[in-house]
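Novice: Provided below are the primary sequence and the corresponding predicted coordinates.
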Amino acid sequence: MGAPMTLGSMTFEAPDDAAGWKTSTVKGGVLFQKEIRPKDGRGRKAAAIIQVLGPFPGSPATLDKGFETVVGLVKGMAAERPMRKTDGKTSNGHRIRTDYRCCTDLKGLSASQWTVGMSSEKHQVAMTLLGLDLRGDARDAVEAEFKAMVRSVSLAPADKPFGVVPSAGEGGLDGVYTHLNTGVRPNVFGGTDFYSDSEITVFDRSGLYATEIPKGGDLAAHCRATPTECGVYKLIGGGLFGGATKIEMRAVKDGFGTIEAETKPFARKGDDLSIDDGDYRLLKPFPAGTTFNGSWRYFFASAGTTALSSGSVSSEKILQLSSNGTFRRTGWSGASTTNDTGGGTTGVTTGSARPAASGRYQISGHTMTLTGDDGRTERLSVFAPDRGSDKLLVIDGSNYLKRE
């Protein structure tokens, strides 16, 4: 991001001029524009326009009216249905509402827009990112800059920089817990996939929690780097005659720093927990120097058929671990598609084998460190959801079944 900018009582970090942004003032705010040229020199140029309006008097209760007005400033955008939206609070307690709409036509250009409204008790600000023919990596980069700008907004004198920070009196739990989530979901090929995920929640006594195991072991550092995988929690109820009966979990839902709160039933069950009537089992960390002996397989496949097309994708990964601390990895992936047109049927099939890799591994806590023969190091999260058994290892979120 660029230098801090002040508009009335509001401050924020503006997009960086060195990254190609041009700044101009408009009635009631400021405009940032950027032109993106194709990397290969072919095709049409894209453009991004960030507009910041405010601050102006208002309260959280009146934010919606102004939000809808800003959405409608771009012709045809109000008619588009929001594809993504959130409504919550910032880390400073201000109300924040966001939505993303795509794609209306502006003089032959495909237009998409992020709209963000934010309100303290006294002031509001509206921010938009309008993309014109903005796609792929260029869109991702511009959106990342816009989200960083929104997270940096300070509307009140007492505001602090964005962060996932628990308050005094919150917390109380400590450990890594797993919850089995199963079901069926649609896939991109028009079919359905069964899923069985060992979801993770890492609780820290301070009040922080994360939905991924920090690979370096430092939860606070992990939450600073990837806030959308984190939140804060508070136990509610209890007292002299019993333990807590509810847990309030405030999660960072998106890159804008939107925090949404949810209160769920809670109970302790020995070392384990019950949250929202779901079982959360405590995962004991592996002692330093733990080794395994065997071969574990990860396999994924997805397929489906529509009226005019069909497709499938699959992949396999094999991880061999030896008790002497060595490992070997192999695997492959493949995909196929067919399309029926008026002139017949066309199809494409691709596949590739993963080059074998080998080296040494170390396990400590919930982290597996792989050091390849080429000297490169990789850190992966690891746990065994079934106590006393290594038949299933969850490695970096993927299920590896032990081969007999």
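Specialist: Structure's in. What do you need? None of these values were measured; they are calculated from a predicted model. Numbers count the residues shown, from 1 in each chain.
Novice: Next, count neighbours for residue 85.
Specialist: 14 (other CB atoms under 10 Å). (Glycine included, C-beta is placed from N, CA and C.)
Novice: Any regions of the stretch 1-150 of the chain where pLDDT drops low?
Specialist: Across the stretch 1-150 of the chain, residues meeting the criterion (pLDDT under 70) sit at 1, 40-42.
Novice: next one: the stretch 201-350 of the chain
Specialist: 239-242, 306-308, 340-348.
Novice: switch the cut-off to 80
Specialist: 215-217, 238-242, 303-311, 337-350 (pLDDT under 80).
Novice: In space, what's closest to residue 144 - neighbours in sequence excluded?
Specialist: Sequence neighbours aside, residue 255 is the residue nearest to residue 144 in space, at 7.1 Å (criterion: CB to CB, 6 or more residues apart in numbering).
Novice: Looks to me like the one you found is in a helix.
Specialist: No - counting by DSSP: H, G, I helix; E, B strand; the rest coil, residue 255 falls outside a helix, being coil.
Novice: Number the chain from 24, please
Specialist: Sounds good: first residue 24 from here, last item residue 278.
Novice: Is it correct that it is in contact with residue 170?
Specialist: Yes - the pair residue 278 and residue 170 qualifies as a contact (CB atoms under 8 Å) at a distance of 3.7 Å.
Novice: buried sites along the longest helix anywhere in the chain?
Specialist: Among the segments of the chain that qualify as a helix by DSSP state H, the longest is helix 159-174. Within helix 159-174, the residues that count as buried by 16 or more other CB atoms under 10 Å are 161, 162, 165, 166, 168, 169, 170, 171, 172, 173, 174.
Novice: Please report how far the fourth one lies from residue 87.
Specialist: Distance of residue 166 to residue 87, given as CB to CB, to the nearest Å: 23 Å.
Novice: Please report the distance of the residue with the shortest distance to the centre of the chain from residue 174.
Specialist: In the chain, the centroid-proximal residue (CA atoms, centre = their mean) is residue 251; its distance is 5.1 Å. Residue 251 sits 11 Å away from residue 174, going by CB to CB.
Novice: And for residue 383?
Specialist: Taken as CB to CB, the span from residue 383 to residue 174 is 40 Å.
Novice: Kindly report the same for residue 215.
Specialist: 37 Å.
Novice: again, but for residue 191
Specialist: 24 Å.
Novice: Need the residues that contact the longest helix of the chain.
Specialist: Helix 159-174 is touched from outside by 24, 35-39, 42, 57, 59, 69, 71, 73, 119, 137, 139, 141, 150, 152, 154, 157, 185, 277-280, with contacts defined as CB atoms under 8 Å, 6 or more residues apart in numbering.
Novice: In helices only, show me those residues.
Specialist: Those of those lying in helices (DSSP H): none at all.
Novice: Now intersect the residues you listed with the strands, please.
Specialist: 35-36, 57, 59, 69, 71, 73, 119, 137, 139, 141, 150, 152, 154 (DSSP state E).
Novice: for these, which one is nearest residue 408?
Specialist: Minimum distance to residue 408 across these is 35.9 Å, recorded for residue 119 (CB to CB).
Novice: Identify the bridge partners of that closest one.
Specialist: Beta-bridge pairing of residue 119 under DSSP bridges involves residue 111, residue 141.
Novice: Check the gap between residue 235 and residue 403 for me.
Specialist: 11 Å.
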